[in-house]
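Asks: Attaching a predicted model along with its sequence, questions to come.
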Amino acid sequence: MFYRSERLFLRPAFPEDSRELYDGICDAGVIAMLSSAPWPYRPADAEQYCAMPTDARAPRFVITLPGAKGAPIVGTVGFKHADSELELGYWIAREHWGQGYATEAARAALEVARALGNKRVLAGHYVDNPASGRVLRKLGFRETGEVRPTFCRARGGELVLARRYALDFAEAEAEASAQGDRMRAA
């Protein structure tokens, strides 16, 4: 599955992406915010990620930045099954932080999830990663009120407090429609 947003191109990971993916994710500050990636991260971990079969109901994408000199990988975004629902996850290479790529890529991935018939998506972030919380709120996620210890493989299997969020597509659509009505009335 492929998806083009305003600046980004989302596509499946291919085996030949493993080196570039490794170069982007092999950063302790990036890995420590992910639940299942190991630290130290090795080239074989990137190879394994790129070789994993994709689940049509829970797609995952490499995020590329098309330009005149190619389309470098700037991160990944995708879903996994959790609590009988989809859970969103993403990371952006440090050199691309602060440019809105996480928000844009996650918004595109959520459009795919909705088109696949999903009604609701879960997400979370470690409490020591407030930037991810800002991304989730921009996307329309709402805090569930739950903060729970969550496994972090990169931190030696430590349980790290994570704030939980949910996005209900029908509620988000109704809210956007009401906001549009308010703007037209003003």
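Replies: Received the coordinates, thanks.
Asks: I'd assumed S84 was in contact with N118.
Replies: No - judged on C-beta atoms under 8 Å, N118 makes no contact with S84 at a distance of 11.5 Å. All C-beta spots, glycine's among them, are computed from the backbone N, C-alpha and C.
Asks: can you tell me the helix or strand for the residue nearest in space to the middle of the chain?
Replies: The residue lying closest to the centre of the chain (C-alpha atoms, centre = their mean) is Y90, at 2.5 Å. Assigned by DSSP states H and E, Y90 belongs to strand 85-92.
Asks: and that strand, how far from the chain's centre?
Replies: A distance of 4 Å separates the centroid of the chain from that of strand 85-92, by C-alpha atoms, centre = their mean, to the nearest Å.
Asks: With only the CA atoms kept, save whichever helix or strand comes after that strand in CSV.
Replies: Scanning forward in sequence from strand 85-92 by DSSP H and E, the next helix or strand is helix 101-115. Below are the C-alpha coordinates for helix 101-115, written out as CSV (Å, rounded to 0.1, in the frame of the first residue of the first chain):
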residue,chain,number,x,y,z
TYR,A,101,6.7,15.1,9.5
ALA,A,102,5.3,12.9,12.4
THR,A,103,2.0,14.7,12.3
GLU,A,104,1.7,14.6,8.5
ALA,A,105,2.7,11.0,8.2
ALA,A,106,0.5,9.9,11.1
ARG,A,107,-2.5,11.8,9.6
ALA,A,108,-1.9,10.0,6.3
ALA,A,109,-1.7,6.6,8.0
LEU,A,110,-4.9,7.4,9.9
GLU,A,111,-6.7,8.1,6.6
VAL,A,112,-5.6,4.7,5.4
ALA,A,113,-6.8,3.1,8.6
ARG,A,114,-10.2,4.8,8.3
ALA,A,115,-10.5,3.7,4.6
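Asks: how many degrees apart are helix 101-115 and strand 85-92 in direction?
Replies: Relative orientation of helix 101-115 and strand 85-92, computed by axes from the mean of the first three to the mean of the last three C-alpha atoms, to 10 degrees: 150 degrees.
Asks: Show me what counts as buried in helix 101-115.
Replies: The neighbour-count check on helix 101-115 (16 or more other C-beta atoms under 10 Å) flags 101-110, 112-114 as buried.
Asks: Run through who's touching it.
Replies: Residues outside helix 101-115 that contact it (C-beta atoms under 8 Å, 6 or more residues apart in numbering) are 1, 3, 5-8, 10, 59, 61, 63, 65, 74-75, 77-79, 86, 88, 90, 92, 121, 132, 135, 138-139, 167, 169.
Asks: could you pull out the strands for the chain?
Replies: For the chain, applying DSSP state E gives strands covering 3-4, 9-11, 60-64, 73-82, 85-92, 120-126, 142-152, 158-168.
Asks: Please identify the deepest-packed of these.
Replies: Compared across these, strand 60-64 shows the largest average neighbour count, a mean of 24 (mean count of other C-beta atoms under 10 Å).
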